[in-house]
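**Student:** fold the following for me, if possible:
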Amino acid sequence: MMIAAFSAVLVAAGVAAARAWRPGRAVAKGAEVIAVMPLGTTGDSGLVRLGRDLVVTVSTNLDGVGTLRAVDPMSVLQRSRELPQPIPLDEARKLAADLGASSVVHGSVIPDGAQVRVDIGLYPVGGGDPLARSTVKLPAADVSAVTDSISVALLRQVWRDGKAPSPYLAEVATASGEALRAFLEGEALLERFDVPNAIAAYRRATAADSMFAQAWFRIANALSITVQPADTAVERRLDALEGRLPERDRALRQVARLRGQTILERTEAYGALAARYPEYYLAQYRAGDPYVHELPRVGRSIATAMPYLERLEALAPGHADNAQHRLMLAAVLGDSVAGRQAAADFGARAPSVLGIAGRMASASFAIMDSLHRLPSAAEVGRIYEPSAELFALYPHLNALLLMAPLYFIPTAAYDSMVVGPVGARLGAGHAPGYRYALGVREAGRGDFAAAVATLAPLESLAAEPSDARLSALRAALYGAWTAALPVTEAEAVVRRVGGICPSLDRNGQLECRWAEGTVAVLAGDRDRLDRITAPLVADTQPMAAFVGRSLRALWAARRDGDVAPLAAEEDAAMARGLVYLPALPIVRPLLVKAAREQRRLADAERYAMWVDAVSTSVRPLAVHQMLQAATWIERARTAVAAGDAEAARRHYDRFLAATYPDLPVWQRDRREARQAMAGRR
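**Tutor:** Prediction:
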């Protein structure tokens, strides 16, 4: 089904939206995929800029003419910075081949009186004579005319069927030098993960040339990858200009706009796009991203992202967010060597405050390496102090950064920092967010009673999102499930919160119903459970229906000792990419344990890996932090059963880090973990 859907996307992007003057005709063998290199020059900085500008304009002009395809110009520009300047032909050929091209445009631009002379050749990447040569003399300021002249000259020599077309830059990109410069500034800023300023630069490009489709597309892309709401005005403009986008951008936009597709189907589509355009760095980024942030929750290993991250690193070695993704992967996999390199790369590539996480991880590593111990609470406080600058820009982030330690920051020292003076100062800019973070930390470490008390005041704050207002309810349920709180206390919180549930958004209302059903399971009240789940199961909204069925299956697991119905529901949902976040900390440990006891160790790991998903928004992070311990201990036992000592040590270590030593709820499990860790030293 998904292959057919994606084929339709490519047809729509490559045929229906194709430009009428670009018929599908053959080009000379070896000219099918072209990489345009920056032109060398002995002139001033203006000619250096022209040589780089032509990479974008000539690539855009040639891409999609008949069977010809041009390598993503941004990949060329990012990789070519590492080469000697001017770029020798042999180096240009090697880079072009690495980017998937069959030939490379290489040459020079030099002053010639009041004009510039551009000498270029189209060379096979494997060596040999050029497929085409040309010399163009035009005013340097007229980038559009230079681009069109180069394009026409090359096409006339490689075209093999009738008269070669004459592409015009103004029809596919921009003839405005001001717009092009702003666009390239935006690309450089986005590479450094400076998203706000990148978007501002792209907007200047569209202001200079409202027909510049690629700049509009980059605005939409920057908003999307940072999980910001779509700009409807930008999307409408893109709808009108989509035919002017390069084929790869059109295809990517079509995938991003697919409706009714699951996360698995959309990821499959991104993977197909990355395979079709191996030189397109945005496709590699989009294909790998879900494996880092979402797909572990549906049983897809975070390590699956690695080939995409490695390819993106090859295409865009200065890409800051790719370094951050590598850092995330290293932290999850416990690879401190890779983590050190990724942290250094992220901190260096994103010099603004937005790269602070990399520098914080590097500071933690520096203490460990020089003093041969973990950072103390005071040292972690000093590491976190600079994040105040980030909170000043984005006050809501204080909940995110004060809810869970960043990469390779020790948990115990982090906890002390959060509840101490540094945490209070950092949280002062958004008091509800700080309270939310404190309560989640208390629940996550096993002090559910304190968490309920800390989080309860958020219920009355109508301006806060539903997940924050329901956080005390969630803490009470998790506490009752682990027997840390009496079921009657959870029931009391359910009744209290019931008054605000009708005013919440759809997600909040569904969580209220889920909480009522979970309490019914805990209380052994089947009649109440049936009353709660009947309208859910009948709901036409897939998530609501799944929650209803899952609650009924949870009864069978909790009350009858029959986990099979719960496993069937969860497996079916995972296969569709469907996950109900609040239920994961309850459901998944049950399934991990059952699968392990049945020696289905691969299934046990599949259920357990939800804790590997790296959350970049508060709601999933809060769920993860509140009751991750139950999954970590079962996952460690699964690793022991599988004979994987290294994984067992890592999982036991995370369980110990996630729980307080002086609370009764996890004491037996903590003794097991400490004994296991001692035996593996």
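
**Student:** from now on I want contacts and neighbour counts done on CA atoms only, so please keep to that.
**Tutor:** Fine.

**Student:** for the stretch 551-681 of the chain, what spans make up the strands?
**Tutor:** Counting by DSSP state E, counting those that start in this stretch, the stretch 551-681 of the chain forms no strands at all.

**Student:** ranges for the helices of the stretch 301-450 of the chain?
**Tutor:** Taking DSSP state H, counting those that start in this stretch, the helices of the stretch 301-450 of the chain run over residues 306-315, 320-333, 336-349, 356-371, 377-384, 387-393, 397-401, 411-419, 421-427, 431-445, 448-455.

**Student:** okay, the ones you listed in CSV with mean pLDDT next?
**Tutor:** Putting the helices of the stretch 301-450 of the chain into CSV (pLDDT from 0 to 100) gives the following:
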stretch, mean pLDDT
helix 306-315, 96
helix 320-333, 96
helix 336-349, 96
helix 356-371, 94
helix 377-384, 94
helix 387-393, 83
helix 397-401, 84
helix 411-419, 93
helix 421-427, 92
helix 431-445, 94
helix 448-455, 97
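
**Student:** tell me which of these sits most buried.
**Tutor:** Highest mean neighbour count among the helices of the stretch 301-450 of the chain (mean count of other Cα atoms under 10 Å): helix 431-445, with a mean of 26.

**Student:** contacts for that one, please.
**Tutor:** Outside of helix 431-445, the residues that reach it under the criterion Cα atoms under 8 Å, 6 or more residues apart in numbering are 396, 398-400, 402-404, 415, 418-419, 424, 427-428, 448-452, 454-455, 458, 464, 468, 471, 475, 479, 622, 625-629, 658-660.

**Student:** again, only using 6 Å
**Tutor:** If you take Cα atoms under 6 Å, 6 or more residues apart in numbering as the criterion, helix 431-445 is touched by 399, 402-403, 427, 451, 454-455, 625-627, 658-660.

**Student:** state the distance from residue 382 to residue 305.
**Tutor:** 33 Å (Cα to Cα, to the nearest Å).

**Student:** same question, residue 400
**Tutor:** 23 Å.

**Student:** then residue 646?
**Tutor:** Applying Cα to Cα, one obtains 21 Å for the distance of residue 646 from residue 305.

**Student:** now residue 230
**Tutor:** Look at residue 230 and residue 305: by Cα to Cα, they are 25 Å apart.

**Student:** and what about the spatially closest residue to residue 609 that is not a sequence neighbour, helix, strand or coil?
**Tutor:** Nearest-residue entry for residue 609: residue 296, 5.5 Å, with adjacent residues in sequence omitted and distances by Cα to Cα, 6 or more residues apart in numbering. Per DSSP: H, G, I helix; E, B strand; the rest coil, the local secondary structure of residue 296 is helix.

**Student:** doesn't residue 607 make contact with residue 296?
**Tutor:** No: Residue 296 is not in contact with residue 607 according to Cα atoms under 6 Å; the separation is 8.9 Å.

**Student:** could you pull up phi and psi at residue 116?
**Tutor:** The phi and psi values for residue 116, taken as degrees, to the nearest 10, are phi -120, psi 150.

**Student:** try the one 3 residues further on
**Tutor:** Backbone torsions of residue 119, given as degrees, to the nearest 10, read phi -110, psi 120.

**Student:** ok, what's across the strand from it?
**Tutor:** Residue 119 has these beta-bridge partners by DSSP bridges: residue 108, residue 135.

**Student:** quick revisit: mind putting the helices of the stretch 301-450 of the chain in CSV, distance to residue 105 included?
**Tutor:** Formatted as CSV, the entries for those read as follows, by distance: least, Cα to Cα, whole Å:
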stretch, distance to residue 105
helix 306-315, 18
helix 320-333, 28
helix 336-349, 29
helix 356-371, 37
helix 377-384, 48
helix 387-393, 43
helix 397-401, 46
helix 411-419, 53
helix 421-427, 52
helix 431-445, 54
helix 448-455, 62
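
**Student:** spatially central residue for this structure, please.
**Tutor:** For the chain, residue 289 is the residue whose C-alpha lies nearest the centre (Cα atoms, centre = their mean; 3.8 Å).

**Student:** grab the nearest non-local neighbour of that residue.
**Tutor:** Residue 289's closest residue in space is residue 305 (Cα to Cα, 6+ apart), at 7.2 Å.

**Student:** so what's the one you found scoring on pLDDT?
**Tutor:** At residue 305, the predicted lDDT confidence score is 98.

**Student:** that one and residue 639, how far apart?
**Tutor:** Using Cα to Cα, residue 305 is found at 22 Å from residue 639.

**Student:** tell me where the stretch 101-250 of the chain has strands.
**Tutor:** Remark: strands of the stretch 101-250 of the chain, listed N- to C-terminal, are 103-112, 115-124, 132-138; assignment by DSSP E, counting those that start in this stretch.

**Student:** let's have those strands in CSV, adding mean pLDDT.
**Tutor:** Listed next are those as CSV, based on pLDDT from 0 to 100:
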stretch, mean pLDDT
strand 103-112, 94
strand 115-124, 94
strand 132-138, 92
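
**Student:** which one of those strands is the most hemmed in?
**Tutor:** When you average the neighbours per residue for each of these (mean count of other Cα under 10 Å), strand 103-112 leads with a mean of 23.

**Student:** elements contacting that strand?
**Tutor:** In terms of contacts (3 or more Cα pairs under 6 Å, 6 or more residues apart in numbering; DSSP states H and E), strand 103-112 is packed against strand 33-36, strand 115-124.
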